[in-house]
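[1] from the sequence below, what's the structure:
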Amino acid sequence: MSRLLRTTLSLFVSGLILFTVAGCGSDSSSPPPDDLAAEEPTFDEQYRPQFHYTPRQNWMNDPNGMVYNDGVFHFFHQYNPEGNTWGHMSWNHATTEDLVHWEHQGVAIPEEGNEMIFSGSAVVDENNTAGFGTNDGQAPMVAIYTSHYTIAEDSTDQAQSLAYSTDGGETWTKYEGNPVLEHPDPNFRDPNVFWYAPGEKWVMTIALPTQHKVQFYESTNLKDWSLMSEFGPAGGTDGIWECPALFQVPVEGSDQEQWVLQVDLNPGSVAGGSGGQYFLGSFDGTTFTPREGGLETAPHWVDYGPDFYAVIPWNNVPEEDGRALWMAWMNNWEYAQDIPTSPWRSAQTIPRSVHVRTIDGTRRLVQRPVEELQQLRENAVQLEGRTIESGMTSLAEDGISGQTLEIVAEFEPGDAETVGVAVREGKNERTIVGYDAATDSVFVDRTTSGAVDFHDAFASRDAAPLATPDGRVKLHIFVDRSSVEVFANDGARVLTHRIFPRPESDGVSLVAEGGPAQLVRLEAWSLRSIWPSR
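    Numbers count the residues shown, from 1 in each chain. Next comes the predicted model:
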């Protein structure tokens, strides 16, 4: 059946095409793009993150095409070259050699004609299976992405396409045989591809969003694909499924690896709006089988905050590195286009390493900030044990304050109902990161974090269940100009939040409510900016 005929027929299918025509996590009711921002970016604008990736200007959403090649981590992302809201989707390109400092490379794969470039992945084709390579010995890089075709005013279709680079990612050429994979469902997107060595083949994980399914395809040349199996519905199904990824992660305390299937959900995530869920299981080269033995399982959330979406892992990370690495879009589709930033909009999380740990006898996914971030540390302060009386205890006299901080604090709750740390504290505003003893949960309260009135869904207090077998709580907190990322108990629970405080709100306080608590120890550092202009 032709793409045009399939698209026309799809308009009769219960209106679902109107639900998701705009790509991974995007909003089909998006306003038209803003005019190109006139001001020259300084990277010192109010709310501009100082150690998180942001584009120079304009709208950004999902990370795409994350791949390591010849000493460089390549990162692409959904991008609007023409404005500060969603539209004109293209792949923008950035690179880093240390996962900390970024070089902006510009638009790599642009929107053309009726085709927008939606989310996908990239690989290094070491064996030149697709035939894109030249005779210079450099392995081609191949991007596998969703082509989003506008057929008519209210008629769209999605299919999978290729682009390739033979100069290390500097320039990209779209494959003349595109698209390489189509489907009767017009909502068919976000291919994530990796090399499966035991079968000497490429494996693609891809979403059927409105069906709450993930499909697995195989190919020997990246051009011809065959369906192997599918997974779902399972876990959370209140919203559409997007941006799936199947990959292996290290199991802590062993030399084993665990297969993980990550699937995004929008809306219906644990903190409202968009978010990610995961399934642990096995993959035999054809089928993914969850460990829990069935599909009707409660969701396991990747991040309990509202601002962690469209996460994908880096492909081709060197074996000697030994890590599984990923990064996510730090925003939420409920208010993504309303956050008060200019001349850019959106940020990515800090890169994280992903692991599996046995917690209470069950394997669970955990995350840690990459160690490379430690190079930004300065002005170290260490506090030894002290009693925290009920109320707020400022740490200004201890030399701890700032807009960009890393804090590691360990507590014994004692008689306190809640204990934790308030950051970005100022007149009538603060963000509180703490532990709630009554509910055995770690939480982030941003209800008075600064600018919160730009959207009804923004002001929130979000929590994650947290076991404390030794009676202690450890909070590893990264504070930037417009974000807070919390890794509790060495990444057993993670919460990611955007915040928009005033620049002068840079205080830090210890917090206890309902009784005294004990600070076991606290370390804090200010973090240098990653931007040369700063």
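[2] which residue packs closest to the spatially most central residue of the chain, ignoring adjacent ones?
    With distances taken as Cα atoms, centre = their mean, the residue of the chain nearest its centroid is residue 328 (1.3 Å). Spatially, and ignoring its direct neighbours in sequence, residue 328 is nearest to residue 311 (3.6 Å; Cβ to Cβ, 6 or more residues apart in numbering). C-betas here are computed from N, CA, C, even on glycine.
[3] for that neighbour, list the residues it contacts.
    In this structure, residue 311 makes contact with 63, 243, 245, 262, 264, 276, 302, 326, 327, 328, 329, 349, judged by Cβ atoms under 8 Å, 6 or more residues apart in numbering.
[4] pretty sure the third one is touching residue 315, no?
    Which is residue 245. No. Under the criterion of Cβ atoms under 8 Å, residue 245 makes no contact with residue 315, lying 9.9 Å away.
[5] now the contacts of residue 311 in JSON lines, with distance to residue 287 and pLDDT?
    Shown next, in JSON lines, are the contacts of residue 311 (distance: Cβ to Cβ, whole Å; pLDDT from 0 to 100):
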{"residue": "63", "distance to residue 287": "27", "pLDDT": "98"}
{"residue": "243", "distance to residue 287": "21", "pLDDT": "98"}
{"residue": "245", "distance to residue 287": "17", "pLDDT": "98"}
{"residue": "262", "distance to residue 287": "17", "pLDDT": "98"}
{"residue": "264", "distance to residue 287": "21", "pLDDT": "98"}
{"residue": "276", "distance to residue 287": "22", "pLDDT": "97"}
{"residue": "302", "distance to residue 287": "22", "pLDDT": "98"}
{"residue": "326", "distance to residue 287": "23", "pLDDT": "98"}
{"residue": "327", "distance to residue 287": "28", "pLDDT": "98"}
{"residue": "328", "distance to residue 287": "27", "pLDDT": "98"}
{"residue": "329", "distance to residue 287": "29", "pLDDT": "98"}
{"residue": "349", "distance to residue 287": "31", "pLDDT": "98"}
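[6] widest-spaced pair of those residues?
    With Cβ to Cβ as the measure, no two of those lie farther apart than 245 and 349, at 15.0 Å.
[7] thinking again about what came up before, pretty sure the residue nearest to the centre of the chain sits against residue 306.
    No. Taking contacts as Cβ under 8 Å, residue 328 lies outside contact range of residue 306: 11.9 Å.
[8] need the residues touching each of these two.
    Counting by Cβ under 8 Å, 6+ apart, the common neighbours of residue 328 and residue 306 are residue 496.
[9] can you pull out the helices in the protein?
    3-10 (DSSP state H).
[10] top of the contacts of residue 311 by neighbour count?
    Each of the contacts of residue 311 was scored by neighbour count (other Cβ atoms under 10 Å); the top score is that of residue 243, with 33 neighbours.
[11] thought it was touching residue 207?
    Yes. Counting by Cβ under 8 Å, residue 243 touches residue 207, with 7.0 Å between them.
[12] next, show the common contact partners of those two.
    Overlap between the contact sets of residue 243 and residue 207, as judged by Cβ under 8 Å, 6+ apart, is given by 190, 263.
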